[in-house]
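In: starting from these lines, generate the structure:
(2 chains)
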Amino acid sequence: MAKKKKKNRRKSSGGLNTSYLTKMGFKNLVSNRSMSLSSISVLTVCLLLIGVSFLLLFNIKTLVKDVEKQNVVVAFVKDGIDDAALNKINTDLKAIPNVTNVEFVSKEAGYEEQMKEFGLNKEMLNGVIENPLPHSYRITVSNIEDFNTTLEAIKNVDNIDTVRESQEIVNQISTLQKSITAICLVIVAVLIVVSLFIIANTIRITMVSRKIDIQVMKSVGATNVFICWPFMIEGIIIGLISGVIALALTYVFQLTEGDALSSLFGLFGSTTISVSDILPILIVGYILAGALLGSFGSVVSIRKYLKKEGSEASSIV
Amino acid sequence: MIEFKNVTMKYKTNDVVALDNFNIRIDDGEFVFIVGASGAGKSSFLNVIMGQEKVDSGIVRVGTYNLNGIKNRELPYLRRMLGIVFQDFRLIPKMTVYDNVAFALRVIGMGERKITKRVRYVLKLVDLSKKSNCFPNQLSTGEKQRVAIARALVNNPGVIIADEPTGNLDPVLSNEIMSLFDKINSLGATVVVVTHDLELVHQFDHRIVTIENGKIVSDVGPKNVYNPDLADVSVPSVPAETEEIVEKEGEKDG
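Out: Next comes the predicted model:
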């Protein structure tokens, strides 16, 4: 008996005709074109917003990095210390985590710079005012988020007298970065859920009209993979088309709104990242996101039709 | 072989007892009419055979499958052993007659050349060769039902199950469809037809099982008088290697 059962199975379980099923997916897409178009338009908007959020996130990160690069702390050393002590300060400063560069500025060089900044000639004041500046170090900090800890460490180095920094700006930029990152991530998460919901609902609506098709498929012995395949193909195509349109719209967004963003970033001495700079990431991102959202949405909506049988299946709306 | 032993089944959705201590045995090659009023339990009986409903107690066997413990992933393979004909035909409107019939073979992954051969043969058997490129909405009701029968037959199933196949047809067409089932049965397939059309049933000499309130109230064999114990008696069956017969016919047909 068991042997016969196996024989029956073998005879009737030929390979999956994927090309036929894929064709069915394309046909379904065309025959349900109004629903497909509405899915594509809504998914495009979601993907566009996700893309713009990411673009904004990328740009904010770049801006913060640029500000970080300019972020120099000046540490003045105590007067009257010898070369050995200066060398030790140099070594100690370099050993602090988060410090990327340490540059020694002698008291003469510092004085000259200050004079230049004030538009004065050093020779004019020779003998009138004695150079009041001590030796100093220009220290570049890499990560703005750990700025306060780094500053404390610098202050604690032996023979450091005072430290000059623009902590307020640093703190504000750090807070801004954190807030924008959080907002963008929340927006992206919400949009992913919304996209899934929309695509699953759209396919569910078309599925109600194809309930009979699914029942016929089941009655002639179709497996769940066979039934799912065309719907998944449909979802993937909807996702891919939406991804391509969203990519084009992101480019348009950058063309129209990019100038305003560039001017804003210019205030901080930074430049914006354009779509073309991260085009490969965007293409892969949009296509992958579209295809994944599309196929996952399809599976979510068809799942209950596959699970239920008979009277339970008939009651699904 | 289809066998129900002390089967009880209740619909979870409305708590209605559809089959009540139900016993029947249908051997390979038999032709059985299941008759009864609406709500008697005829369709529930078929739904259990198709694996669409699970029983609450008792034993159900269809061919080599024990349906009590059948897993969902095994259901497609059970259904490939059965050819199912519905009252509302259930043809896919966007597919031609050819594609509707071929669909049952595409599901099992058969190659296109074999499909063409089998579909042509079955369409000839139901006299629809000339309509193979038509869509369901271009067919008459009788033709639609014949397409549904062709689809049920094309996979060479051992058992043909028809749920009210003449429910939407006039008496002449009903007779024509029933004769077609007769022909299919003569080729070796087991045929189970659920109907409430007693007049039609009496025009054919086959076993008649009457159901009322989920119970068998009569089981009459061909040219036999009522025998209430027939459920436990094995009716002499036609040696049924249906597939081989249909295949041979198909090959002859080219």
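In: give me the low-pLDDT residue ranges for the stretch 51-200 of chain B?
Out: The stretch 51-200 of chain B contains no residues with pLDDT under 70.
In: and the helices in it?
Out: Along the stretch 51-200 of chain B, counting by DSSP state H, counting those that start in this stretch, helices occupy B:75-79, B:97-106, B:112-125, B:141-153, B:171-186, B:198-201.
In: cool, and the stretch 101-250 of chain A?
Out: Residue ranges of the helices in the stretch 101-250 of chain A, as given by DSSP H, counting those that start in this stretch, are A:107-118, A:147-155, A:167-209, A:211-219, A:224-266.
In: reformat the helices of the stretch 51-200 of chain B as CSV; add mean neighbour count and distance to A:Val105.
Out: (Each C-beta comes from the backbone N, C-alpha and C, glycine too.) Shown next, in CSV, are the helices of the stretch 51-200 of chain B (neighbours: other C-beta atoms under 10 Å in any protein chain shown; distance: least, C-beta to C-beta, whole Å):
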stretch, mean neighbour count, distance to A:Val105
helix B:75-79, 23, 80
helix B:97-106, 24, 81
helix B:112-125, 18, 82
helix B:141-153, 24, 90
helix B:171-186, 17, 101
helix B:198-201, 14, 109
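In: ok, which of those comes nearest A:Thr100?
Out: helix B:75-79 (63.9 Å; C-beta to C-beta).
In: on that earlier part again, and of the helices of the stretch 101-250 of chain A, who's closest to B:Arg151?
Out: Among the helices of the stretch 101-250 of chain A, helix A:211-219 sits nearest to B:Arg151 (C-beta to C-beta), with 8.4 Å.
In: the closest one vs chain B: in contact?
Out: Yes: Helix A:211-219 comes into contact with chain B (C-beta under 8 Å from any C-beta of the partner chain), by way of A:212-213, A:215-219.
In: residues contacting A:Lys61?
Out: A:Gln177 (C-beta atoms under 8 Å, 6 or more residues apart in numbering or on different chains).
In: is it located within a strand, as I assumed?
Out: No: A:Lys61 is assigned helix when assessed by DSSP: H, G, I helix; E, B strand; the rest coil, not a strand.
In: re earlier: export the helices of the stretch 51-200 of chain B to CSV and tack on distance to chain A?
Out: What follows is those, written out as CSV (distance: least, C-beta to the nearest C-beta, whole Å):
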stretch, distance to chain A
helix B:75-79, 4
helix B:97-106, 4
helix B:112-125, 8
helix B:141-153, 7
helix B:171-186, 17
helix B:198-201, 24
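In: let's have the ones you listed in a markdown table, adding distance to B:Val220.
Out: Output for these, formatted as a markdown table (distance: least, C-beta to C-beta, whole Å):
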| stretch | distance to B:Val220 |
| --- | --- |
| helix B:75-79 | 29 |
| helix B:97-106 | 33 |
| helix B:112-125 | 29 |
| helix B:141-153 | 25 |
| helix B:171-186 | 17 |
| helix B:198-201 | 10 |
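In: ok, which of those helices comes nearest A:Phe253?
Out: helix B:97-106 (44.9 Å).
In: quick one on the thing from earlier: quick one: closest of the helices of the stretch 51-200 of chain B to A:Phe26.
Out: Closest among the helices of the stretch 51-200 of chain B, using C-beta to C-beta: helix B:97-106, at 15.0 Å.
In: I'd like to know which elements the closest one is packed against.
Out: helix B:112-125, helix B:141-153 (3 or more C-beta pairs under 8 Å, 6 or more residues apart in numbering or on different chains; DSSP states H and E).
In: dump it to CSV, keeping only the CA atoms.
Out: In CSV, the C-alpha atoms belonging to helix B:97-106 read as follows (Å, rounded to 0.1, in the frame of the first residue of the first chain):
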residue,chain,number,x,y,z
VAL,B,97,-11.2,25.7,-23.3
TYR,B,98,-7.8,24.2,-24.2
ASP,B,99,-6.0,26.0,-21.4
ASN,B,100,-8.7,25.2,-18.8
VAL,B,101,-8.3,21.5,-19.5
ALA,B,102,-4.5,21.7,-19.9
PHE,B,103,-4.4,23.5,-16.5
ALA,B,104,-4.9,20.3,-14.6
LEU,B,105,-1.8,18.9,-16.3
ARG,B,106,0.3,22.0,-15.9
